[in-house]
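Engineer: sharing a model that was predicted from the sequence below.
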Amino acid sequence: MTKKELSGVIITKNESANIARCITSLQKVTDDIIVVDDYSEDDTCIIAEAMGARVFQRDWEGYSRNKNFGNAQAKNDWILSLDADEELSDALVQEIRELKVQPGIAWMVNRKSFCIGIPVHFCGWNPDWNIRLFNRIEMRWDNKLVHEKLEALTNVRLLKLKAPLYHYTYKSEAHIKAKFDHYARLRAKEWVSSGKNPGFIKRIFGPAFRFFRTYILKLGILDGKIGWIISSNEYILKKKEWQYFDQFSKQGIPEEI
């Protein structure tokens with residue numbers, strides 16, 4: 001796959017610490033890089049534009065809608081979708097360069113995540129297969145506000161790339177708590193907006209089971225301290241989903257989430 005066949009799309013919000021690394025890796029496989037920015041208050045846009053990316057500032061409408069908007073701005077139908085805190089490994093760059101464009105095929109990559117600078121081997125984080133290379137005519141992001149997924153518009157066969165995508169996730173435990181709180185608010189908004197109530201059993205047992213699944217079933221215990229931090233914060237995440245659900249049900253959904 002040549003640089004002229006592929007476009008890279010990134011969505012951002014205050015990613016000045018990550019955006020240069022992400023764009024640098026994308027420049028190895030494409031000449032067309034689109035950044036969809038939710039009015040960052042730092043130097044994200046300045047850095048991205050200085051590196052040659054095309055930057056579009058746009059109000060936040062959810063992960064899916066902003067990503068679909070970015071895909072629509074691309075010069076090419078083949079899209080490589082990255083988060084700002086991700087980076088193509090050198091091996092993945094080479095693998096993408098050697099791909100042959102084929103209709104009806106999309107490629108998945110395995111994210112290798114680092115949490116507070118520590119590689120996460122378990123916790124359900126590894127392997128972490130995600131569709132990231134696809135044709136926008138054949139696939140688009142669904143309408144979820146959080147934990148968005150690509151859905152096929154026609155018959156698409158999924159293949160796996162061998163090399164990893166590096167994911168430099170949460171910088172500190174405070175960062176984890178802030179992001180998980182944001183995810184909980186988005187999930188509660190989805191529930192209330194759709195009139196969905198996941199039920200009494202999930203409310204009572206969901207948080208404890210989430211911890212048990214991550215720490216025991218997904219072997220988070222083998223990740224040591226970082227496994228405990230992730231598992232305990234996932235327990236808090238599930239509790240907060242219900243807290244915000246009750247709050248939004250009674251008081252309405254805040255304009256800013």
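Structural biologist: Here it is on my side, so go on.
Engineer: point out where this structure drops to low pLDDT.
Structural biologist: Along the chain, no part satisfies pLDDT under 70.
Engineer: tell me how far the residue most central in space within it lies from residue 241.
Structural biologist: Nearest to the geometric centre of the chain sits residue 83, at 5.7 Å (Cα atoms, centre = their mean). Residue 83 is 22 Å from residue 241, where distance means Cβ to Cβ, to the nearest Å. (Glycine included, C-beta is placed from N, CA and C.)
Engineer: and the strands in the stretch 1-150 of the chain?
Structural biologist: With strands called from DSSP state E, counting those that start in this stretch, the stretch 1-150 of the chain shows them at 6-12, 32-37, 54-57, 78-83, 86-88, 105-115, 118-119, 129-135, 139-141, 150-152.
Engineer: hang on, residue 7 packs against residue 75?
Structural biologist: Yes - if you go by Cβ atoms under 8 Å, residue 7 and residue 75 touch, sitting 5.7 Å apart.
Engineer: and for the two, which residues touch both?
Structural biologist: Each of residue 32 lies in contact with both residue 7 and residue 75 under the rule Cβ atoms under 8 Å, 6 or more residues apart in numbering.
Engineer: who's more crowded, those two?
Structural biologist: Using other Cβ atoms under 10 Å, the more surrounded residue of residue 7 and residue 75 is residue 7, with 25 against 13.
Engineer: could you find the closest non-adjacent residue to that one?
Structural biologist: Excluding the flanking residues, the one nearest residue 7 by Cβ to Cβ, 6 or more residues apart in numbering is residue 74, at 3.6 Å.
Engineer: so who does the one you found touch?
Structural biologist: 7, 9, 32, 34, 136.
Engineer: now, which of those residues sits nearest residue 253?
Structural biologist: Nearest to residue 253 among those: residue 9, at 27.9 Å, using Cβ to Cβ.
Engineer: ok, now how distant is that closest one from residue 47?
Structural biologist: Using Cβ to Cβ, residue 9 is found at 17 Å from residue 47.
Engineer: so these two - more neighbours on which side?
Structural biologist: residue 9 (25 against 21).
Engineer: burial count for the nearest residue to that one once chain neighbours are set aside?
Structural biologist: Spatial nearest neighbour of residue 9, chain neighbours left out: residue 70 (4.0 Å); criterion: Cβ to Cβ, 6+ apart. Applying other Cβ under 10 Å, we find 25 residues neighbouring residue 70.
Engineer: do I have it right that residue 70 meets residue 34?
Structural biologist: Yes - with contact defined as Cβ under 8 Å, residue 70 and residue 34 form a contacting pair (4.9 Å).
Engineer: now do the shared contacts for these two.
Structural biologist: 9, 10, 56.
Engineer: rebuild those as CSV, extending it with distance to residue 171.
Structural biologist: Shown next, in CSV, are the shared contacts of residue 70 and residue 34 (distance: Cβ to Cβ, whole Å):
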residue, distance to residue 171
9, 24
10, 18
56, 26
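Engineer: quick one on the thing from earlier: now for the contacts of residue 74: which two are most distant?
Structural biologist: Across those (Cβ to Cβ), the longest gap, 12.6 Å, separates 32 and 136.
Engineer: mind checking how far the residue lying closest to residue 244 once chain neighbours are set aside is from residue 10?
Structural biologist: The spatially closest residue to residue 244, leaving aside those adjacent along the chain, is residue 188, at 3.6 Å (Cβ to Cβ, 6+ apart). To residue 10, residue 188 is 27 Å away according to Cβ to Cβ.
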